[in-house]
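Engineer: Generate coordinates for the sequence data below:
(chains A and B)
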Number of protein chains: 2
Amino acid sequence: MDIKEYLNDKRRQVEEALGDVMLPAEGPLSRHIEAMRYSLFAGGKRVRPVLCLAAAEALGHDPTPLLPVACALECIHTYSLIHDDLPAMDNDDLRRGKPTNHVVFGEAAAILAGDGLLTLAFDLMSDPALRSHISDTRRLRLIQVVARAAGPLGMVGGQALDVASEGKAVEFETLRTIHRCKTGALITASVQAGAIIGGADDSQYDALTRYGEAIGLAFQIVDDLLNVEGTTEELGKAAGSDADRAKATYPAFFGVEETRGKAREAVTAAETALAGFDQQAEPLRLLARYILTRKR
Amino acid sequence: MDIKEYLNDKRRQVEEALGDVMLPAEGPLSRHIEAMRYSLFAGGKRVRPVLCLAAAEALGHDPTPLLPVACALECIHTYSLIHDDLPAMDNDDLRRGKPTNHVVFGEAAAILAGDGLLTLAFDLMSDPALRSHISDTRRLRLIQVVARAAGPLGMVGGQALDVASEGKAVEFETLRTIHRCKTGALITASVQAGAIIGGADDSQYDALTRYGEAIGLAFQIVDDLLNVEGTTEELGKAAGSDADRAKATYPAFFGVEETRGKAREAVTAAETALAGFDQQAEPLRLLARYILTRKR
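Structural biologist: Residues are numbered from 1 along each chain as shown, chains lettered A, B, ... in the order given. Now for the predicted structure:
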């Protein structure tokens, strides 16, 4: 199995589904919708929706009818990027090689585009059209898993702690909390959403959760490394910005070599978590290794 | 029945429930939670949760076990106020007689406090603890009704259009869209949420929706009037700010007298919508009239 081909296939599926679920930019609110569409269709890697689909497939379940759930995860991720890039936060002008949302639409419109995408995610997940493919009980569980991961004790809280910690000498424990909440929580929830869609039993759900936590950590460590080692052109966003802002990162704590080792360890932990799964979990295994080698 | 006493009772119930559901400001993310709590417990009127409870009661249903749903509506309302007040939006320093969130916590923290409250709302509504008091199917319906009302074609979209229209000569049609989306949608959804909790049949749901739309309109018209006629002290926020910003408002289109007449008409429409309801809908009727006479 070629992971790049798998990724391209899944991404295409997600792009198409996003096109289906996303509101058209028309009517009196068209400018607002255009602002949401601008960032949603800016060429993201679609890691979270792909993880969701792959986790459901690992359980032998075809997740195609539940693509709107995968889309909801991407809406939440995109909203978080729009808000992270704001002048009041990271003040980034470039994202995925394009001007950031607030550069194009202005700050107020960008804040609201993020708010709109976050809210739309819950609209998508609660849509009655999904009823014939997942029980209402499981769907409510899925919605809460995603809300918790994205919320005050997850992604938003992690970002708040990250912003508050900028330029300060932080303990490693704080960096771990930031990483676990800010990046790890939604990645883990994406895998958990796939697990719920796929009808995981308790032990499968726990294993997939451990997998999600491990790749969430690997993903963030590699992000830290890329910020040190990548070029702005490769990344599509400002390279070296963490050091410029004196942000706490893994390389700042451990140096580049030891950090690489920690990323490998996390990927191994992810593979170990999948020990009880058969061949259908192969994409998840390859995805874990792919995270280690990604360039952006 | 004394509406003020009823309102005070319900508000007390909502305050208590908010205290129960809101996260304590402790642990590594305490500052973020403190920022959310600051605005959530800043003495709001709790109109939306009270409407939700009163609508359920109008159908003979005790909504007490579903107070977390009412709390979710208040979380969404509070988030919208925090974001509206931001420097990039209305740039207000005062809200409910207190410094606004970004004045106290900074702009980044305020954006994230809003994001956190919005996300928490969906966590609350999807909580399994509510299972024994409302069917999963109705709960999913409720979540979607609220998400749609708060989302891109509702509250967020209305705020985006409002911001984009500032200082421009807008048609009355645009003002109506702003009012219907920005204020009306969540007020209507609060009544609809109560209707769903109360097990409304289709015709009851439609009637309560018409009621919600009518009081949503009345509420916004009175808001416009208060901004012209109230003092900053009475309002707890800047009076006269609409005119300062050349915002489109009902008084700007129709003058104060005609605007008052339109508010009365909307309240009459709300009462008419409740014609088929018995004595249990009395609080809803009184609430409609109360909106007309409120001072803040």
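Engineer: who's in contact with residue A:88?
Structural biologist: Residues near residue A:88 by CB atoms under 8 Å, 6 or more residues apart in numbering or on different chains: B:88, B:106, B:107, B:108, B:111. Placement of C-beta: from N, CA and C, glycine included.
Engineer: Now intersect these with the helices, please.
Structural biologist: B:107, B:108, B:111 (DSSP state H).
Engineer: what number of residues lie near the second one?
Structural biologist: Close neighbours of residue B:108, defined as other CB atoms under 10 Å in any protein chain shown, add up to 23.
Engineer: now do residue A:254
Structural biologist: Counted with other CB under 10 Å, residues neighbouring residue A:254 total 16.
Engineer: Identify the residue nearest it in space, chain neighbours excluded?
Structural biologist: Spatial nearest neighbour of residue A:254, chain neighbours left out: residue A:262 (6.8 Å); criterion: CB to CB, 6 or more residues apart in numbering or on different chains.
Engineer: Name the residues of stretch A:227-246 that are buried.
Structural biologist: By neighbour count on 16 or more other CB atoms under 10 Å in any protein chain shown, the buried set for stretch A:227-246 is A:227, A:228, A:229, A:230, A:235, A:236, A:237, A:238, A:239, A:241, A:242.
Engineer: Helix or strand: which one has the residue lying closest to residue A:151 once chain neighbours are set aside?
Structural biologist: Here the nearest residue to residue A:151 in space, its sequence neighbours aside, is residue B:119; by CB to CB, 6+ apart that works out to 3.8 Å. When secondary structure is defined by DSSP states H and E, residue B:119 falls within helix B:107-125.
Engineer: and that helix with helix A:107-125, angle?
Structural biologist: 20 degrees (axes from the mean of the first three to the mean of the last three CA atoms, to 10 degrees).
Engineer: Which neighbouring elements make contact with helix B:107-125?
Structural biologist: On a contact count with 3 or more CB pairs under 8 Å, 6 or more residues apart in numbering or on different chains; DSSP states H and E, helix B:107-125 meets helix A:67-85, helix A:107-125, helix A:136-150, helix A:155-165, helix B:30-40, helix B:67-85, helix B:101-105, helix B:136-150.
Engineer: same thing but 6 Å
Structural biologist: The helices and strands touching helix B:107-125, judged by 3 or more CB pairs under 6 Å, 6 or more residues apart in numbering or on different chains; DSSP states H and E, are helix A:136-150, helix A:155-165, helix B:30-40, helix B:67-85, helix B:101-105.
Engineer: Could you export the fourth one as CSV, CA atoms only?
Structural biologist: Okay, so that is helix B:67-85. As requested, C-alpha coordinates have been extracted for helix B:67-85 and formatted as CSV (Å, rounded to 0.1, in the frame of the first residue of the first chain):
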residue,chain,number,x,y,z
LEU,B,67,-31.2,23.4,32.8
PRO,B,68,-27.8,22.7,31.1
VAL,B,69,-29.4,23.3,27.8
ALA,B,70,-30.6,26.7,29.0
CYS,B,71,-27.0,27.3,30.3
ALA,B,72,-25.6,26.5,26.8
LEU,B,73,-27.8,29.2,25.3
GLU,B,74,-26.3,31.7,27.8
CYS,B,75,-22.8,30.5,27.0
ILE,B,76,-23.4,31.2,23.3
HIS,B,77,-24.9,34.6,24.0
THR,B,78,-22.0,35.6,26.3
TYR,B,79,-19.4,34.5,23.7
SER,B,80,-21.2,36.7,21.1
LEU,B,81,-21.0,39.7,23.4
ILE,B,82,-17.3,39.1,24.1
HIS,B,83,-16.5,39.0,20.4
ASP,B,84,-18.8,41.9,19.5
ASP,B,85,-17.0,44.1,22.1
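Engineer: residues in contact with that helix?
Structural biologist: Counting by CB atoms under 6 Å, 6 or more residues apart in numbering or on different chains, the neighbours of helix B:67-85 from elsewhere in the structure are B:14, B:17-18, B:21, B:39-40, B:48-49, B:52-53, B:90, B:92, B:95, B:100-101, B:110, B:113-114, B:117-118, B:120-121, B:124-125, B:150, B:155, B:190, B:193.
Engineer: angle of it against helix A:107-125?
Structural biologist: Compare the direction of helix B:67-85 with that of helix A:107-125 by the same axes, to 10 degrees and you get 160 degrees.
Engineer: Could you pull out the buried residues of helix B:67-85?
Structural biologist: Buried, per 16+ other CB under 10 Å, within helix B:67-85: B:67-85.
Engineer: One more: the third one?
Structural biologist: Along helix B:30-40, these residues count as buried under the neighbour rule (16+ other CB under 10 Å): B:32, B:33, B:34, B:35, B:36, B:37, B:38, B:39, B:40.
Engineer: any idea of the pLDDT on the third one?
Structural biologist: Same thing as residue B:34. In this model, residue B:34 is scored at 97, pLDDT.
Engineer: Tell me how many other residues crowd the nearest residue to it once chain neighbours are set aside.
Structural biologist: Sequence neighbours aside, residue B:25 is the residue nearest to residue B:34 in space, at 4.2 Å (criterion: CB to CB, 6+ apart). Burial of residue B:25 is recorded as 15 neighbouring residues (other CB under 10 Å).
Engineer: repeat for residue A:15
Structural biologist: By other CB under 10 Å, 18 other residues sit near residue A:15.
Engineer: cool, and residue A:133?
Structural biologist: Considering only other CB under 10 Å, residue A:133 is surrounded by 16 other residues.
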